[in-house]
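Q: Provided below for reference: sequence and predicted model.
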Amino acid sequence: MFDYDKSCSMGNKILILFLMTASYTVIYGQSPTNKLSLKDAIEIGLKNNPEIKSARENISASKGRYWSGISLPQPELSASFEYAPVNKSLSSYSEKTLSVSQSFEFPSNYFLKGSRLSKDEEIAGYKLCLTERSVTSKIKTSYYKVLAKQKQVMLAEENLKISEDFYKKAEIRQNVGEGTKLERLTAKVQYTEAMNNLEIAKNELKTAFAELNYSLGYGMQSYDTKIVLTDSLTFVDHNINFEQINRTLEETNPQIKIAELNFGISSIDKELAWSSLLPGFNLAYFKQTRDGDDGFYGASFGISVPLWFMFDHRGRIQEASANQSVSESELQLTKNEIALSLKSAVTDNENNLKQVKLYLNEILPQAEEIYRSATKSYDAGELPYLEYLQARQTLINSRNNYINALFNHYQSVSRIEEITGQNFYEKPDLEK
């Protein structure tokens, strides 16, 4: 039979326990662990980063410059009162003229200016793309740096545990006459160094979290170092084809596109300099009143003559021609620099990839086998402590070097992505 009183009592106990847990969480500031994937980190960084916000505002500013750049000069309104007798007010005028005039350049100039300002807007867009790539690369690098430092902290903790265990064993072995004082002292030194190395690794992890925090755009705000990064630092052979990405480099790199647009702007500036030889125009309309009769009107048409073309206009054309040659050289220089940067990044990645595979396929398995054999021999009393220690240090160094090589591999891939605009991280060819 169902006991209502007991059920209510149990329910009240559960409710009280829940409220106590909730109160403890509120009072002591405990909260569920936050999780952060690489994709989420990139989205947060692109949303918060001040450089990107500034680049977006520059696009808006360039759009504003376009409309103001193709606008006609302000029309001029004027009123004149003439032939007023001396010692009388202007209301005694004999002739009044109201006029409106508008000046403008040769019509083709506005088309050229609009084309130039459109290229400025495109440049602002490519600068935003360039900034986004740079920020994304920094986020990826800092994200994987945290993962690398977390692995090294785990290795340092494991090393500390082993060092402590063998220090205690060395003390026991000396007390029972099986070990030497030198062995115990060496074990103690190794234990102390292990504690120090753990503290160094923890501090480096805090620094890595601070760098990740900065790349996400949080500035001086504190960031939870207990956050769990859901992606892992595992070996991926991205199979980057240098020849393939090099063929599309000029179409995908924002720096090259910006240099091309700047060369186009310099060409337009040269055309505008030559267009300065073309006349400008001025139109005006008049409405006049004479001796009380307001039935008069008039119009005027003016044209500017490039009379001093040997000085002002010649100087403009000479300067614009020189600037075009400079921008052409800068375009070629940019292409060469980007090609060199890509080649360097690909070469760096190939070297890092070789290092990772070397550690993964040869050095780490051999170091682990040496350590296992040394441990068995030492426990059986067949191996002196110093030789065992050498085997353990070899394994620790190999693991740390593997983590560093793996991080360097990911860092070089991020650099290639920044240059080419391609994403190699999402490829599924995970090897280990």
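A: The structure has been received and is ready for your questions.
Q: now residue 240: which helix or strand?
A: Assessed by DSSP states H and E, residue 240 sits outside every helix and strand.
Q: C-terminal to the helix or strand bottoming out on mean pLDDT in the chain, what's the next element?
A: Using mean pLDDT, DSSP states H and E, the weakest-scoring helix or strand in the chain turns out to be helix 4-28, at a mean of 38. Downstream of helix 4-28, the first helix or strand assigned by DSSP H and E is strand 35-36.
Q: what residues does that next one touch?
A: With contact meaning CB atoms under 8 Å, 6 or more residues apart in numbering, strand 35-36 is reached by 227, 228, 229, 230. Where C-beta positions appear, they are placed from N, C-alpha and C, glycine not excepted.
Q: highest neighbour count among those residues?
A: When neighbours are taken as other CB atoms under 10 Å, the top entry among the contacts of strand 35-36 is residue 229 (19 neighbours).
Q: from residue 136, how far off is that residue?
A: Residue 229 is 16 Å from residue 136, where distance means CB to CB, to the nearest Å.
Q: kindly report the same for residue 376.
A: From residue 376 to residue 136 the distance is 48 Å (CB to CB).
Q: okay, those two: which has more neighbours?
A: With neighbours defined as other CB under 10 Å, residue 376 and residue 136 compare such that residue 136 has more, 22 against 11.
Q: out of everything not next to it in sequence, what's closest to that one?
A: residue 42 (5.6 Å; CB to CB, 6 or more residues apart in numbering).
Q: export the contacts of strand 35-36 to TSV and tack on pLDDT?
A: Shown next, in TSV, are the contacts of strand 35-36 (pLDDT from 0 to 100):
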residue	pLDDT
227	77
228	85
229	88
230	88
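Q: residues of the helix or strand containing residue 209 that come out buried?
A: In this assignment (DSSP H and E), residue 209 forms part of helix 181-215. Judged by neighbour count (16 or more other CB atoms under 10 Å), helix 181-215 contains these buried residues: 183-184, 186-187, 190-191, 194, 197-198, 201-202, 204-205, 208-215.
Q: same deal with stretch 63-74?
A: 66, 70.
Q: how close does the residue nearest to the spatial centre of the chain sit to residue 55?
A: Nearest to the mean C-alpha position of the chain, by CA atoms, centre = their mean, lies residue 135 at 1.2 Å. According to CB to CB, residue 135 stands 10 Å off from residue 55.
Q: for the helix or strand encompassing residue 365, the distance to its chain's centre please.
A: Residue 365 belongs to helix 364-379 when assigned by DSSP H and E. With CA atoms, centre = their mean, to the nearest Å as the basis, helix 364-379 stands 44 Å off its chain's centre.
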